[in-house]
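Asker: what's the 3D shape of this:
(2 chains)
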2 protein chains.
Amino acid sequence: MTAETTRSRGRGRPTSPVLSREAIAAKAMTLVAERGYDHLTMAGLARKLGVSASALYNHVSSKHDVLVLIQDRLNAEIDCSAFGRLPWAEALSAWARSYRECYVEHTELIPLIAVLPIADAPKSLEMYERVFIALHSAGIGDRDAVDIIAGIEALVFGAAFDASAPADIFDPGSLGDIAPTFARAAALRAADARASADRAFEMALEVLIDGLLRRVETGETFSPRHA
Amino acid sequence: MTAETTRSRGRGRPTSPVLSREAIAAKAMTLVAERGYDHLTMAGLARKLGVSASALYNHVSSKHDVLVLIQDRLNAEIDCSAFGRLPWAEALSAWARSYRECYVEHTELIPLIAVLPIADAPKSLEMYERVFIALHSAGIGDRDAVDIIAGIEALVFGAAFDASAPADIFDPGSLGDIAPTFARAAALRAADARASADRAFEMALEVLIDGLLRRVETGETFSPRHA
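Answerer: Alright, predicted model coming up:
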């Protein structure tokens, strides 16, 4: 029974939707995608949900709370099933791939969620716990594990933007003379933009994960040389 | 002589600023940082510059043009001097580091610039040409070079968000029971958030560049295994 089909049972009253956190998150995501987070208001969200503002405030106390619901709804879609099933490095790749796919469709949310604390986001916390335990079981220490998660998330978020970029992003326009070598390569990108973005992400991810695996296997330090 | 101190020479008229593309870009960046790109209008920008809208339109024909100016102004700040001076892999690291530093201060521009074509952006094109030639001279082919640039940019943009995230981003709040292992590590991050973000970026960058160097040296393919 989804939230949007649930109805209140008040006799003799017009039926009105019973709110759920899921329904609030879904509607808020639609509004943010359409008009941007700046234009999201609690009053506007309540109106679109067909409920009073006070009914909405029974579930969430602020726009920030709504954003946490959005974050958790989106992160719940990331496939973490490879952890425990595949070796940690392969599982990490599968997780990163699914993570990027979720956010490619919601790049407007990245600037918000990339800097949003995960407090009170249960699905997000479950996800991090699974990733963390997998890294831990590979013998990776706490600090390095946090760095690995943050590094992969950085690649994932940036690559999600790249996947949504227009095909001609590297086209020099009328200024081809400035970058003749690069312009030639830009044409390759334009010929199959999304496939090119996918390949760039896969290449970077593979090189990164291969390198992490190698360091774990050789016992090499994760501390970067550059201070 | 900067644009903002240049004055028109009309006799007997009130002095008014002579516009330059540099002055337009600088003012537009300030406005976007303050109020967001959605709120930027050509009329508002002209007003802030103290010129008529028609004077502004003599230099730029649209908001999109203004964004290209912003992009080029920001990219001109990225230090590319290591190319030609250091071995390509070290130069690539230095470039990525400087690139991230520029965008950490302007994360609000990342969602716009990460998907903005570089046509008509001369400084950006000069930058890409330098990076591309360096990769080329290392024996890296056109397609792989484009992938490497896109992959590093993805990491740079994502890491810029991470560097601007609050210290408690990984704090589980009241839900520590869901992620007890991760919560312990999150506390490490909170203790020195910016240093932790810097280290995560440096680690990922180093592993990535080391892996690229290794592939070039061994002649291994850059084509990702994952289709």
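
Asker: Could I get the full set of helices for chain A?
Answerer: A:21-35, A:42-49, A:53-57, A:63-75, A:88-104, A:110-113, A:122-137, A:142-163, A:180-191, A:193-218 (DSSP state H).

Asker: closest to B:Val104 out of those helices?
Answerer: helix A:142-163 (11.8 Å; Cβ to Cβ). Any C-beta I mention is one placed from the backbone N, CA and C, and that applies to glycine too.

Asker: For the closest one, name the packing helices and strands.
Answerer: Applying 3 or more Cβ pairs under 8 Å, 6 or more residues apart in numbering or on different chains; DSSP states H and E, we find helix A:142-163 packed against helix A:88-104, helix A:110-113, helix A:122-137, helix A:193-218, helix B:142-163, helix B:180-191, helix B:193-218.

Asker: model confidence over the fourth one, on average?
Answerer: The one in question is helix A:193-218. Per-residue pLDDT over helix A:193-218 has a mean of 96.

Asker: Give me the angle between it and helix A:122-137.
Answerer: 40 degrees (axes from the mean of the first three to the mean of the last three Cα atoms, to 10 degrees).

Asker: And for the last one?
Answerer: With the same axes, to 10 degrees applied, the angle from helix B:193-218 to helix A:122-137 works out at 50 degrees.

Asker: Can you give me the buried ones in helix B:193-218?
Answerer: Residues of helix B:193-218 classed as buried: B:193, B:196-213, B:215-216 (neighbour count, 16 or more other Cβ atoms under 10 Å in any protein chain shown).

Asker: Where does the prediction get shaky in chain A?
Answerer: Applying pLDDT under 70 to chain A flags the ranges A:1-17, A:227.

Asker: okay, the helices of chain A, which one's buried deepest?
Answerer: helix A:142-163 (a mean of 25; mean count of other Cβ atoms under 10 Å in any protein chain shown).

Asker: thought A:Glu220 was touching A:Arg214?
Answerer: Yes: taking Cβ atoms under 8 Å as the definition, A:Glu220 is a contact partner of A:Arg214 at 7.3 Å.

Asker: Got the domain ranges for chain A?
Answerer: Taking automatic domain parsing as the reference, chain A has its domains at A:1-61, A:78-218.

Asker: need the ones you listed in TSV with distance to B:Val146, can you?
Answerer: Putting the domains of chain A into TSV (distance: least, Cβ to Cβ, whole Å) gives the following:
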stretch	distance to B:Val146
domain A:1-61	29
domain A:78-218	5
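
Asker: give me every residue that touches A:Phe53.
Answerer: That one is not Phe; residue A:53 is Ala. Residues in contact with A:Ala53 (Cβ atoms under 8 Å, 6 or more residues apart in numbering or on different chains) are A:42-43, A:46.

Asker: same thing but 10 Å
Answerer: A:41-47 (Cβ atoms under 10 Å, 6 or more residues apart in numbering or on different chains).

Asker: Present the helices of chain A as CSV; the columns should include distance to B:Ala165.
Answerer: Formatted as CSV, the helices of chain A follow (distance: least, Cβ to Cβ, whole Å):
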stretch, distance to B:Ala165
helix A:21-35, 19
helix A:42-49, 25
helix A:53-57, 28
helix A:63-75, 13
helix A:88-104, 16
helix A:110-113, 10
helix A:122-137, 14
helix A:142-163, 9
helix A:180-191, 30
helix A:193-218, 20
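
Asker: what about A:Ile78, neighbour count?
Answerer: 20 (other Cβ atoms under 10 Å in any protein chain shown).

Asker: how far away is A:Phe170 from B:Ala121?
Answerer: For A:Phe170, the distance to B:Ala121 equals 11 Å [Cβ to Cβ, to the nearest Å].

Asker: Mutual contacts of the two, please.
Answerer: With Cβ under 10 Å, 6+ apart, A:Phe170 and B:Ala121 have common neighbours B:Tyr128.

Asker: In contact with the residue nearest the centre of chain A, which residues?
Answerer: The centroid of chain A falls nearest to A:Tyr103 when counting by Cα atoms, centre = their mean (4.1 Å). Applying Cβ under 10 Å, 6+ apart to A:Tyr103 gives the contacts A:74-75, A:77-78, A:109-110, A:113-114, A:153, A:156-157, A:159-161, A:163-164.

Asker: and with 7 Å instead?
Answerer: A:110, A:156-157, A:160 (Cβ atoms under 7 Å, 6 or more residues apart in numbering or on different chains).

Asker: Could you do A:Ala179 as well?
Answerer: A:172, B:125-126, B:128-129.

Asker: okay, these in CSV with distance to B:Ser52 next?
Answerer: Listed next are the contacts of A:Ala179 as CSV, based on distance: Cβ to Cβ, whole Å:
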residue, distance to B:Ser52
A:Pro172, 32
B:Leu125, 31
B:Glu126, 33
B:Tyr128, 36
B:Glu129, 37
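
Asker: okay, among these, which ones form the most distant pair?
Answerer: A:Pro172 and B:Glu126 (10.5 Å).

Asker: joint contacts of those two?
Answerer: Common neighbours of A:Pro172 and B:Glu126 (Cβ under 7 Å, 6+ apart) are A:178-179.

Asker: right, and the helices of chain A - which one's nearest B:Ile24?
Answerer: It's helix A:110-113; of those, that one is closest to B:Ile24 (Cβ to Cβ) at 24.2 Å.

Asker: which strands and helices sit next to that closest one?
Answerer: helix A:142-163, helix B:110-113 (3 or more Cβ pairs under 7 Å, 6 or more residues apart in numbering or on different chains; DSSP states H and E).

Asker: can you give me the angle the first one makes with helix B:180-191?
Answerer: The one in question is helix A:142-163. 80 degrees.

Asker: relative orientation of helix A:142-163 and helix A:88-104 in degrees?
Answerer: Using the same axes, to 10 degrees: helix A:142-163 against helix A:88-104 is 40 degrees.
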